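Asker: Pasting the sequence and the predicted coordinates here, then a few questions.
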Amino acid sequence: MANGADEVIANDNYCTKAILEPLSSLSIMVESGESVQNDPMKGKGGDSSGPAMQDAGSGEDAVTKTEDKSSESKEEVSLNRPPTGKWTQLEDYKRFSDSILWTFMMNFYDQKGVDSWSQGIVPFFITSNAYIGRTYAKLLQGLLFDLSLAKTKMASQMKLQKDEKLYIVELGAGAGKFSFFMLKALDELKNVLDFPLENIVYVLTDFTESNLNFWKDHHALKPFVESGRLDFAIFDASNDDKIVLRHSGKVLSRDQPTGNPICVIANYIFDTLCHDIFHVDGGVLKEGVVSVGSSQEGEPDLRDPEIIEHIQNKYKYHNCDIDYYKGVESDVDAHHFSQMLRWYQEFFSDNDPAELGASVLVPVGSIRALRNISDASESGMIVLAGDKANCHPEAFRGLVDPHFAIHGSFSVMANFHAVGIYCTSRGGFAMHNQSEEASLQVSCFFIPGSKENGQNSSDAFKYNELEKLDEERASQFPMLQQSFNDNVNSFGPSDFFAIQRCLKEEARPSLANVVALLKLSNWDPDIYFKFRDLVLVQVSSASCKLRSDLIKGMPHIWANYFELDKEKDVAFEIGRFYYGVLKYSEALKYYGISTNTLGEHHVTYHNMGLCQYSLGNLDSALTYFRKALALKKTYEKASNWIEKVTRELSDESKKQN
């Protein structure tokens, strides 16, 4: 599952289908709604020998204007509002992790399925782009390098076996778009991975069958499935204790562990798994319980996803001790939870001079998921996680109720700091993004392997020892540590998101800056789609070198295309670009792809007619203009072109006779 409540971006709210007249007369609508007339393309005139009609006037900015369902952020609504006026209790007070709230969330994703992302209900761009896919692939590359060298005690204990499969398991994979980008990034790193690419198996998991069916039928994923490098599984991260791969039949479980370490991908999933609430008030640890209610007089259908919009909760807090999870979780993990609660109680007892107290969410569901998956490997586990999360304990100061963000479903602020304590308590470590203001926090967690099925544990450690332990253990994986510093701390996925957002909000960014962003993004199709009109406006006056860079980059943009939102016709937009730089055959190719993948459209056929006319193929041009008119009987442009081309064909015939 994925969400992006912290993402903020200007809306792309203009059409995907635009008429292509010559750039000397092309008028394109920009974000502000102004009509911008671009400079003519060098060497392109408006005479009858070119693709434009002399009397056609300026090109249309758009045939249809459709709302762009942005994959970025939407304004989030808080669920922290206290009940006022009407309030219907849906559930009496109980432990937060046992609340019906989490059932509401599961119902939402189960019923909405992939539509949660394809229809823009849940934003996800920040964790589903070519840049972050390459970032995670580089982090895995660093780990594999360390394991291959096996120069340190911890690295040598992981026993990398290159003749066996190494599994990458993505939790809550949603639409599967991130996996596509990471798989392609691994392809690019094939020769420097220190592990056979054909033995790396990426496993997409989610709890709902509809998502699995979407992956199975997606044409961009099929080559990876056919090569044996991609598999699928139904897996409820918090509750299931085994992963059964749909294609190979392989089972990953405590009873059938794999010999190699497992890599877990957890993007926008930890903030949607169940949590518990604790306060540290005057040095006293208190548990929070919740009574779920609604602002409506009644909720006849508790499976209705819309119920989330009406939720209003009440909270109570009671004294408890650090052994809160004894008898609730397994004996092994109850010990680690006690370590965690002791850490927070000691830290906020010794470091609270203003007596502000602290409010801590304990990620119970996330820790259960890590336990279940780590048990399936004898050699340990690395977790690459990106989320709206807190990595530093200072963020927990103050006695408040938990904050919920509504974005179709809901989410909480994930507690990566607590996940790190759990991993450190199990003998592993955590590496956190050093930037506390990041829109997306990326952390790397490590849990060592154990032939005793993960029954590993560190001795009790005090709060002031945590960072030292993490640093000492992480230093045993120097290439992973360096890769994390280079690809996350120095400049990471959150920084990339901020850069593209900043450029998007500029009134008129330069084409050179847009091309630089495209290169930085690894030629991400969504980035191109956001700046498509600007590219067409400015490419006519661009230098030959800059234009050449764009021409070389277009095939990479298409290779990175993952069909999800059918209103984002990337092939059509690439066709527009090639037409604009006078490469009519290439434009025809991509218009054809657009028609074959997303269906017929009168504008596409019109533009194909313009391309054929520019190539001197009048018969073919006439065919496409007629197809455009057949799809839209009132389409005046097609009628005008049919009249013009018919007249020219007649004149040619008379000359020949």
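Answerer: Cool, got the structure.
Asker: Mind checking what secondary structure residue 484 has?
Answerer: helix (DSSP: H, G, I helix; E, B strand; the rest coil).
Asker: Just list whatever residues bridge to the residue lying closest to residue 88 once chain neighbours are set aside.
Answerer: Excluding its sequence neighbours, the residue lying closest to residue 88 (Cβ to Cβ, 6 or more residues apart in numbering) is residue 294, at 4.8 Å. For the C-beta atoms, the positions are set from N, CA and C on the backbone; glycine is no exception. In this entry, residue 294 is beta-bridged to residue 88, residue 311, by DSSP bridges.
Asker: List the contacts of residue 294.
Answerer: Taking Cβ atoms under 8 Å, 6 or more residues apart in numbering, we find residue 294 in contact with 87, 88, 90, 307, 310, 311, 312.
Asker: Can you give me the neighbour number for residue 508?
Answerer: For residue 508, the count of nearby residues is 12 (other Cβ atoms under 10 Å).
Asker: end-to-end on stretch 212-230?
Answerer: 12 Å (Cα to Cα, to the nearest Å).
Asker: Relative to residue 307, how far out is the residue nearest to residue 88?
Answerer: According to Cβ to Cβ, to the nearest Å, residue 294 and residue 307 sit 7 Å apart.
Asker: any idea of the pLDDT on residue 226?
Answerer: At residue 226, the pLDDT value in this model is 96.
Asker: and the gap between it and residue 183?
Answerer: Remark: distance between residue 226 and residue 183 (Cβ to Cβ) = 13 Å.
Asker: just the strands in the stretch 101-250 of the chain please.
Answerer: Under the criterion DSSP state E, counting those that start in this stretch, strands of the stretch 101-250 of the chain are mapped to 166-170, 200-206, 230-234, 242-244.
Asker: looking only at pLDDT, what's the mean for the third one?
Answerer: Strand 230-234 shows an average pLDDT of 97 in the prediction.
Asker: buried stuff in it?
Answerer: Judged by neighbour count using 16 or more other Cβ atoms under 10 Å, the buried positions of strand 230-234 are 230, 231, 232, 233.
Asker: what pLDDT does residue 286 get?
Answerer: Residue 286 is given a pLDDT of 97.
Asker: give me the beta-bridge partners of it?
Answerer: Beta-bridge partners recorded for residue 286 (DSSP bridges): residue 279, residue 319.
Asker: From residue 549, how far out is the spatially closest residue to residue 484 that is not a sequence neighbour?
Answerer: The spatial neighbour of residue 484 that comes closest, neighbours along the chain excluded (Cβ to Cβ, 6+ apart), is residue 431 at 5.1 Å. Per Cβ to Cβ, residue 431 is found 35 Å from residue 549.
Asker: Who has more neighbours out of those two?
Answerer: For residue 431 versus residue 549, the count of surrounding residues by other Cβ under 10 Å is larger for residue 431: 24 against 17.
Asker: Including neighbour count, could the contacts of residue 294 go into JSON lines?
Answerer: Shown next, in JSON lines, are the contacts of residue 294 (neighbours: other Cβ atoms under 10 Å):
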{"residue": "87", "neighbour count": "16"}
{"residue": "88", "neighbour count": "15"}
{"residue": "90", "neighbour count": "22"}
{"residue": "307", "neighbour count": "20"}
{"residue": "310", "neighbour count": "15"}
{"residue": "311", "neighbour count": "21"}
{"residue": "312", "neighbour count": "21"}
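Asker: Can you pick out the most distant pair from these?
Answerer: Farthest apart among those by Cβ to Cβ are 87 and 307. That separation is 14.0 Å.
Asker: picking up where we left off before, would JSON lines of the strands of the stretch 101-250 of the chain with distance to residue 617 be doable?
Answerer: Output for the strands of the stretch 101-250 of the chain, formatted as JSON lines (distance: least, Cβ to Cβ, whole Å):
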{"stretch": "strand 166-170", "distance to residue 617": "47"}
{"stretch": "strand 200-206", "distance to residue 617": "44"}
{"stretch": "strand 230-234", "distance to residue 617": "41"}
{"stretch": "strand 242-244", "distance to residue 617": "55"}
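Asker: Surely residue 420 and residue 430 touch.
Answerer: Yes. Counting by Cβ atoms under 8 Å, residue 420 does reach residue 430; the two are 3.0 Å apart.
Asker: what do the two both touch?
Answerer: Listed as contacting both residue 420 and residue 430 by Cβ under 8 Å, 6+ apart are 443, 445, 470.
Asker: now, which of these lie within strands?
Answerer: 443, 445 (DSSP state E).
Asker: Return the item of the contacts of residue 294 having minimum pLDDT.
Answerer: Lowest pLDDT among the contacts of residue 294: residue 307, 75.
Asker: you'd agree that residue is up against residue 104?
Answerer: Yes. Using Cβ under 8 Å, residue 307 makes contact with residue 104 at a distance of 6.0 Å.
Asker: Looking at residue 587 now. What's its pLDDT?
Answerer: Looking at residue 587, its pLDDT reads 97.
Asker: nope, residue 294 is what I meant
Answerer: Confidence score, pLDDT, at residue 294: 83.
Asker: how close does it get to residue 275?
Answerer: For residue 294, the distance to residue 275 (Cβ to Cβ) stands at 21 Å.
Asker: In the stretch 201-350 of the chain, where is pLDDT below threshold?
Answerer: 299-300, 303, 305 (pLDDT under 70).
Asker: where along it do the helices fall?
Answerer: Using DSSP state H, counting those that start in this stretch, the helices of the stretch 201-350 of the chain run over residues 209-217, 222-226, 331-350.
Asker: For residue 524, which non-adjacent residue is closest in space?
Answerer: Closest residue in space to residue 524, ignoring its immediate chain neighbours: residue 130 at 4.1 Å, by Cβ to Cβ, 6+ apart.
Asker: residues in contact with that neighbour?
Answerer: Residue 130 makes contacts with 181, 184, 185, 521, 522, 523, 524, 525, 560, as judged by Cβ under 8 Å, 6+ apart.
Asker: most neighbours, which of those residues?
Answerer: Using other Cβ under 10 Å as the neighbour test, the contacts of residue 130 are led by residue 524, with 27 neighbours.
Asker: List the residues that contact it.
Answerer: With contact taken as Cβ under 8 Å, 6+ apart, residue 524 is in contact with 129, 130, 131, 518, 557, 560.
Asker: Residue 383 should be in a helix, yeah?
Answerer: No. Residue 383: not assigned to a helix; according to three-state DSSP it is strand.
Asker: From what I see, residue 606 and residue 641 are in contact.
Answerer: Yes. Residue 606 is in contact with residue 641 according to Cβ under 8 Å; the separation is 7.5 Å.
Asker: what do these two both touch?
Answerer: The contact sets of residue 606 and residue 641 overlap at residue 625 (Cβ under 8 Å, 6+ apart).
Asker: Nearest residue to residue 260 in space, ignoring adjacent ones along the chain?
Answerer: Residue 260 sits nearest to residue 166 (Cβ to Cβ, 6+ apart), 4.4 Å away.
Asker: Check which helix or strand residue 447 maps to.
Answerer: In the assignment (DSSP states H and E), residue 447 maps to strand 441-448.
Asker: partners of that strand, with directions?
Answerer: Using DSSP bridges, strand 441-448 pairs in its sheet with strand 380-387 (antiparallel), strand 429-432 (antiparallel).
Asker: Check which element follows the first one along the chain.
Answerer: Downstream of strand 380-387, the next assigned helix or strand under DSSP H and E is strand 389-390.
Asker: Give the partner strands of the helix or strand that that following strand is followed by in its sheet and their orientations.
Answerer: For strand 389-390, the succeeding helix or strand toward the C-terminus, using DSSP H and E, is strand 405-407. Strand 405-407 pairs in its sheet with strand 77-78 (antiparallel), strand 409-411 (antiparallel), by DSSP bridges.
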